[in-house]
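J.: structure for the following, please:
(chains A and B)
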Protein chains: 2
Amino acid sequence: MARLVLKFGGTSVANVERIRNVARHVAREVKAGHQVAVVVSAMSGVTNQLVAYVQDAAKTGEAKGGLFDQMEYDAVVASGEQVTSGLLAITLQSMGLPARSFQGWQIPLETDDAHGAARIMDIDGAKLIEVMAAGEVAVIAGFQGIGPTGRIATLGRGGSDTSAVAIAAAVSADRCDIYTDVDGVYTTDPRIVSKAQRLEKVAFEEMLEMASLGAKVLQVRSVELAMVKKVRTFVRSSFDDPDSVGVDAHGNPPGTLICDEDEIVETQVVTGIAYSKDEAQISLRRVADKPGVAARVFGPLAEANINVDMIVQNTSPDGSTTDITFTVPATDEARARAVLEAAQADIGPTVIESSADVVKVSVIGIGMRSHAGVASQAFTALAARGINIRAITTSEIKISVLIDAAYTELAVRALHTAYGLDKA
Amino acid sequence: MARLVLKFGGTSVANVERIRNVARHVAREVKAGHQVAVVVSAMSGVTNQLVAYVQDAAKTGEAKGGLFDQMEYDAVVASGEQVTSGLLAITLQSMGLPARSFQGWQIPLETDDAHGAARIMDIDGAKLIEVMAAGEVAVIAGFQGIGPTGRIATLGRGGSDTSAVAIAAAVSADRCDIYTDVDGVYTTDPRIVSKAQRLEKVAFEEMLEMASLGAKVLQVRSVELAMVKKVRTFVRSSFDDPDSVGVDAHGNPPGTLICDEDEIVETQVVTGIAYSKDEAQISLRRVADKPGVAARVFGPLAEANINVDMIVQNTSPDGSTTDITFTVPATDEARARAVLEAAQADIGPTVIESSADVVKVSVIGIGMRSHAGVASQAFTALAARGINIRAITTSEIKISVLIDAAYTELAVRALHTAYGLDKA
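T.: From the prediction side, this is the model:
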């Protein structure tokens, strides 16, 4: 007997027929003797419709210039999850499984006051544990909680993953199963590399890097939370036939377990290759090479809340000037240029160049910590294909290179092969 | 300065454009210096869609035979009002009017545990009064409250009218304005009598009789509540142009005020003519005329929860048997016959006849209390048209006759004319 939290996204509950499929997954776990809580999103399309209503309503007068009250936005959009939680409870009951729905305020799942993108502050797991211990399935409306003033709060897009992991922590669940439209986490994007393989296990730290770099399987915040709270999180497909899911040699269904690295017996040096096109490169050419110049460049950017990622500084041949290159989120490119132009009197003479036509490709693996030469393998593989590296950053478990966007697929495939990740 | 509760139904909030129209009605009252709370229904069509989802979900397994948990039903359907309350708050804010939404549980509006058709037990008006006194519009999700176990409860179809009246009582409102798709209460159904007139005022007791008899303007429960709590209730059209509503000689917009009879200066003897086709007539022919027979007929019907309305008993010419005629709701006709057939051994030999092809026509007016001869006027008018009366009941303010359904329109028109209600 285990205590499980199951999470189903919008496409998995898109209509009553799909909700029945979800109920069959739940029934299988209940019949296996587990205590089960289920976290559901809104039916796919519903949240978008509700957001469109809000945006339309906000355009009525001139008073707020199309802006809207996030507390009212939350009241409107949280209704989507309310509907699916009730429908799934009814579906389960009609199959003979005791079940009841919980809205965020009924648990309660308490958030901060950042309505529209609130953070979870506290979850009282007592009522959920009581219901599950009594043999009922607790069906929880994801994405929502109650703010400090007693108003409905939502966690921002993709917040249901975070709800599920946080609830799993609050009820001390043995595992949090995230049912999604893919069957797990892959060594790289299978749309680019046909030889990509599903990972059986991946460490929290690795998953966090992969999620941050655009592997869209899980929301970054949910992975952070899973890592901090040590919630074993299993990613699997909601499209599997609930009653005849195949299992592997270890008795596990197809999917990827995100867990502590201690649980991963055979660690690979490199676990996956990720890429992100959401970067823009900015270069300051021929800046005076004297102490304090970096502070004069990056200080104003930090004040403007612009995240700077990769930084490279090269000395020019004449020794008196230097080139500074760094990346910012692509959405901040224009704003970053404006900030730098405003600060130019302070920085001194320079030519500001920028381009969003770049990609950050990353090699990720906790095994790197204990292996030397991992980075040079990447440089060799890229050089062999004539791919120029514009910038490099490394962390304990990641090597990232910035290259021309045109080489994305070529670079990812080359690295995937170089680190022995190709499917046999 | 007055404190007003405004209520808008589903067709009045059917889409964002209609919600804007509602907001303009609200704005007009706020600009006139009033404190305003607004009660809204779900967008028209939404509740039906949600109910259909519930019914579909309940058909998943065999466990509950298509029945569903009313608490989960409530969680699902209450979401419709949640959406419109948030959207109206956003619309008002964008017009520069401070506003905030309230769900039933946030007020709280407490109900009993009859989920799906709950009754209001208590409303704490403090928070609403505080918000209104601070110059904010309180936008309240109608139709919903919180039950004794902390679950969402709904008040049953049409419950938003009841929400509005109950909230008006809780905040000691000067008036409850019900915006609907008609511009008031008429002397009779204008679809039958083209000379029907809109009533400027109608007494609570009269409105209660008219609502019970099928004038669909207001839900019966809301009229009962208005009468008990003395909530002055004004019925008006939501389709009026909010910014140029005409007013009458007394400065009132078009509509009907439902109020205490003390407030009605010039009382008519008869205020209106109502009719109801929801009746079925049952006759027991040649029952033995001896003590206790009535109890043996009506006892089993009462036990079966069948409401008996009009009762007529005639002695047969031979004096040893009697005919008993009475009416039951048309939906209970078959059930009533079955109950009587089962009780026939007890009742004794009789022939049971029934017909749903009847109509109850009622003459209503508080002025009857102080006027004699009102009933004979009705009998004369019907006799003059050759309409046979099958049964009669009277109360202090109402005379009802049961006639063949074929004569409905003729009878209603004849009575409307006889009591001087025709428009000049």
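
J.: show the average pLDDT along stretch A:197-206.
T.: On average, the pLDDT along stretch A:197-206 is 94.

J.: how far out from the middle of the chain is it?
T.: Offset of stretch A:197-206 from its chain centre (C-alpha atoms, centre = their mean, to the nearest Å): 14 Å.

J.: ok, now stretch A:5-14?
T.: Centroid separation between stretch A:5-14 and its chain, computed with C-alpha atoms, centre = their mean, is 16 Å.

J.: so residue A:352 sits right up against residue A:284, yeah?
T.: Yes. Contact criterion C-beta atoms under 8 Å: residue A:352 and residue A:284 qualify, at 5.9 Å. C-beta coordinates here come from the backbone N, C-alpha and C atoms, glycine included.

J.: which residues sit against stretch A:56-72?
T.: The contact list for stretch A:56-72, computed with C-beta atoms under 8 Å, 6 or more residues apart in numbering or on different chains, reads A:54-55, A:115-116, A:147, A:151-153, B:16, B:19-20, B:23, B:86-91, B:93-97, B:100-101.

J.: could you flag which of those are buried?
T.: A:54, A:115-116, A:147, A:151-153, B:16, B:19-20, B:23, B:86-91, B:93-95, B:97, B:100-101 (16 or more other C-beta atoms under 10 Å in any protein chain shown).

J.: picking that back up, residue A:352 and residue A:284: who's more crowded?
T.: residue A:284 (23 against 15; other C-beta atoms under 10 Å in any protein chain shown).

J.: surely that one forms part of a helix?
T.: No. Secondary structure assignment (DSSP: H, G, I helix; E, B strand; the rest coil) places residue A:284 in strand, not in a helix.

J.: that one and residue A:336, how far apart?
T.: Separation of residue A:284 from residue A:336 (C-beta to C-beta, to the nearest Å): 11 Å.

J.: give me the low-pLDDT residue ranges for the stretch 301-424 of chain A?
T.: For the stretch 301-424 of chain A, residues meeting the criterion pLDDT under 70 lie at A:317.

J.: what segments of chain A are helices?
T.: Counting by DSSP state H, residue ranges of the helices within chain A are A:16-31, A:46-57, A:70-77, A:79-94, A:126-133, A:159-170, A:204-212, A:220-229, A:293-303, A:333-342, A:344-347, A:374-384, A:408-418.

J.: anything in contact with each of residue A:352 and residue A:284?
T.: Common contacts of residue A:352 and residue A:284, defined by C-beta under 8 Å, 6+ apart, comprise residue A:340.

J.: and for residue A:383, the neighbour number?
T.: Residues near residue A:383, counting by other C-beta under 10 Å, number 12.

J.: one more: the one 5 residues further on?
T.: Neighbour count of residue A:388, defined by other C-beta under 10 Å: 11.

J.: neighbours of whichever residue of the stretch 301-424 of chain A sits closest to chain B, just the number please.
T.: Going by C-beta to the nearest C-beta, chain B is nearest to residue A:331 of the stretch 301-424 of chain A, at 25.8 Å. Residues near residue A:331, counting by other C-beta under 10 Å, number 11.

J.: also the one 10 residues further on?
T.: Neighbourhood size, residue A:341 [other C-beta under 10 Å]: 11.

J.: equivalent analysis for residue A:289, please.
T.: Residue A:289 has 17 neighbouring residues, counting by other C-beta under 10 Å.

J.: how much space separates it from chain B?
T.: Note on residue A:289: its distance to chain B, by C-beta to the nearest C-beta, to the nearest Å, is 53 Å.

J.: ok, the residue of the stretch 301-424 of chain A closest to chain B touching residue A:279?
T.: No. Using C-beta under 8 Å, residue A:331 is not in contact with residue A:279; the gap is 10.2 Å.

J.: ok so, going back, tell me the contacts of the residue of the stretch 301-424 of chain A closest to chain B?
T.: Residues near residue A:331 by C-beta under 8 Å, 6+ apart: residue A:278.

J.: so for whatever residue of the stretch 251-400 of chain A ends up closest to chain B, what's the pLDDT?
T.: Nearest residue of the stretch 251-400 of chain A to chain B, counting by C-beta to the nearest C-beta: residue A:253, 23.0 Å away. What the model reports for residue A:253 is a pLDDT of 84.
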